[in-house]
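> model this:
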Amino acid sequence: METERTESEKVSEIKETIKNHMIVATLIATVTFAAGFTLPGGYIESEGDHQGMAVLSTPAETDNKGKKDIADSARENFKNFVTEDGIAMVLSISAIGISQTVTRRRSEHT
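Below you'll find the model as predicted:
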């Protein structure tokens, strides 16, 4: 009898852990989705060829070598941010989808 109770407690603990992981995955998906629209550096508001583009994604228009290196570094960091943000969103959405599929299939077999 004690063994059954212990297994039941373990199952309840695992279910609670899964719920907590899904909450975290959902929060990550939400934050990464929002970060895709609120890019670091903001957007270019002045009218011109680059209007509406992310500030850090545009080429630097300067002859000063030091500032151009900083701008190149900022563009590289921006590309990394967009890539990593996309990967985080895809993985968190995948985790949510897999969990939902497994949960649905378990409930069908029970």
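> does anything pack onto the helix-or-strand element of the chain with minimal mean pLDDT? Which helices or strands?
When the helices and strands of the chain are compared on mean pLDDT, DSSP states H and E, helix 65-109 comes out lowest with a mean of 82. If contacts are counted by 3 or more CB pairs under 8 Å, 6 or more residues apart in numbering; DSSP states H and E, helix 65-109 sits against helix 2-37. Any C-beta I mention is one placed from the backbone N, CA and C, and that applies to glycine too.
> Leu91 and Ala29: what is the separation?
Distance of Leu91 to Ala29, given as CB to CB, to the nearest Å: 9 Å.
> likewise for Thr101?
From Thr101 over to Ala29 (counting by CB to CB), the distance is 16 Å.
> neighbour-wise, which of the two wins?
Ala29 (19 against 10; other CB atoms under 10 Å).
> for that one, which residues are in contact?
Neighbour list for Ala29: Met89, Ser92, Ile93, Ile96 [criterion: CB atoms under 8 Å, 6 or more residues apart in numbering].
> could I get the residues you listed in CSV, plus columns for distance to Gly48 and neighbour count?
Below are the contacts of Ala29 laid out as CSV (distance: CB to CB, whole Å; neighbours: other CB atoms under 10 Å):
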residue, distance to Gly48, neighbour count
Met89, 30, 18
Ser92, 36, 21
Ile93, 36, 16
Ile96, 40, 16
